[in-house]
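In: need a structure here:
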Amino acid sequence: MLQNISLAFIVLPFTLAAAAYVRIVDVKTGNAMRDSLHRLKSVTIVLGVLFVVLVFLLPSTATLSTFGYPETTADINSQEKVLKLLQRYNTSLTRTIDVVFLMLFTLAFWFMAAIYTFVNIFKDKIDREFYTVKDENVI
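Out: Predicted coordinates for the structure are as follows:
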């Protein structure tokens, strides 16, 4: 379906739209924990949609499965047929590598950044509560 379209023409506009969406729905309530949790929820939704789009960008694997796989030497008896077969395999592998790279990059960059922010705010809240209780016990 989308195998012949360059990834940049799909992923770049989606990334810009996703960043705009996360900024638009970013609600400042004054509670840092609630705000970071809301941001994490927004990023998770955006990444879910991006992963669905990237799955549709994966090539059809029929060229790599037994359907369409040359079974005899007669299937690849000329150099032109071998070249065409290797080009199809190369195209499929290249697209798959690109899509997996984008999935891993977005997961590592966006999702982990949102998790890191949330965990830091959660840690700060626990530290404040811990030191408040500790100070009360000292008095």
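In: quick one, helices of the protein?
Out: 7-24, 32-57, 79-106, 112-138 (DSSP state H).
In: tell me the most buried of those helices?
Out: With neighbours taken as mean count of other CB atoms under 10 Å, the helices of the chain reach their highest mean count in helix 32-57, at a mean of 16. Glycine gets a C-beta too; all of them are placed from N, C-alpha and C.
In: and the angle from that one to helix 7-24?
Out: Interaxial angle of helix 32-57 relative to helix 7-24 (axes from the mean of the first three to the mean of the last three CA atoms, to 10 degrees): 160 degrees.
In: so which elements touch helix 32-57?
Out: helix 7-24, helix 79-106, helix 112-138 (3 or more CB pairs under 8 Å, 6 or more residues apart in numbering; DSSP states H and E).
In: just give me how far it sits from the chain centre.
Out: Chain-centre distance of helix 32-57: 9 Å, with CA atoms, centre = their mean, to the nearest Å.
In: where does pLDDT dip in this structure?
Out: Per-residue confidence for the chain (pLDDT under 70) gives these ranges: 1-4, 61-69, 134-139.
In: most centrally placed residue in it?
Out: Met103 (3.3 Å; CA atoms, centre = their mean).
In: spatially nearest residue to that one (excluding sequence neighbours)?
Out: In this structure, Met103 finds its nearest non-sequential neighbour in Leu54, 5.6 Å apart by CB to CB, 6 or more residues apart in numbering.
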